[in-house]
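Undergrad: fold the stuff below for me.
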Amino acid sequence: MPMNAVYRGSADLPPVLPVFPLPGALLLPRGQLPLNIFEPRYLAMIDDSLRDSHRLIGMIQPDPAHPGSGDKPNLFKVGCVGRITQLAETGDGRYLLQLTGVVRFRIEEELAVLTAYRQCRVSYVPFADDFIARKGEETVDRKTLLEALSSFLKANNLKTDWEGVENAPNEALVNALAMMSPYGVAEKQALLEAPDLKTRAEILVAVTEIELAKNSSSGETPLQ
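TA: Predicted coordinates:
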């Protein structure tokens, strides 16, 4: 989705981000993630983001291997910052958002803040290539990726818009499939932290093949 703001590098982004910990939610650069915001602290986060004009939120997953406290779970170190590109008020106190991914970030430290939501000092430097749209997509094994997708759909009796799939550029295809994948927190984090698009596609294929093999042997389907 086109954005009014243009981000060419880390200097265009704030060093401190509000973060939204959400298990299983994967946002990738130039991907779109819908969110239903209803907790008061995150409603305040959205209001502050709009008031500060940057309209940016750091999406990140809690780390289940190091859970921490229930109200303040430990976080993975890598997330993705998204810009609010759509917002609707529901009339019952909720916000319906769409975030468009900008760039991944690494947490340097969590700050002691007065806000109910958490804020972190972050670095975008390790992910400078994220600012370059479609970088490395020529190295993606598109044929193998589509074969894995076809097998997954067949195993689950699902259909898709193949015309749309075939017309999608490799970056959009890989990232959309990764974000929509039904896999767990660890798999989603591996997809997020992949060093390049080729590796992300390879991880997605590998995880899909493992799940298909596992569920084939058990007589189940991946979505059960």
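Undergrad: only C-alpha atoms for contact and neighbour calcs from this point on.
TA: Noted.
Undergrad: please enumerate the strands of the chain.
TA: Under the criterion DSSP state E, strands of the chain are mapped to 16-21, 32-37, 56-60, 78-89, 95-110, 118-123.
Undergrad: turn those strands into TSV, columns for distance to Pro2 and mean neighbour count.
TA: TSV is the format used below for these (distance: least, CA to CA, whole Å; neighbours: other CA atoms under 10 Å):
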stretch	distance to Pro2	mean neighbour count
strand 16-21	22	21
strand 32-37	11	17
strand 56-60	15	26
strand 78-89	9	19
strand 95-110	9	21
strand 118-123	24	19
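Undergrad: looking at the ones you listed, which is closest to Met180?
TA: Closest approach to Met180 among the strands of the chain (CA to CA): strand 32-37, 9.5 Å.
Undergrad: and the gap between Ala11 and Ala133?
TA: 17 Å (CA to CA, to the nearest Å).
Undergrad: what pLDDT does the model give the residue most central in space within the chain?
TA: Residue closest to the mean C-alpha point of the chain, counted by CA atoms, centre = their mean, is Leu27 at 1.5 Å. Among the per-residue scores, Leu27 holds a pLDDT of 98.
Undergrad: sorry, back to before: could I get the strands of the chain as TSV with distance to Asp161 and mean pLDDT?
TA: Below are the strands of the chain laid out as TSV (distance: least, CA to CA, whole Å; pLDDT from 0 to 100):
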stretch	distance to Asp161	mean pLDDT
strand 16-21	32	97
strand 32-37	18	97
strand 56-60	28	98
strand 78-89	24	97
strand 95-110	22	98
strand 118-123	38	98
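Undergrad: I'd like the ones you listed as TSV, with distance to Thr139 appended.
TA: Formatted as TSV, the strands of the chain follow (distance: least, CA to CA, whole Å):
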stretch	distance to Thr139
strand 16-21	32
strand 32-37	23
strand 56-60	27
strand 78-89	23
strand 95-110	20
strand 118-123	27
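Undergrad: closest to Ala206 out of the ones you listed?
TA: Smallest distance to Ala206 across those (CA to CA): 21.5 Å, for strand 78-89.
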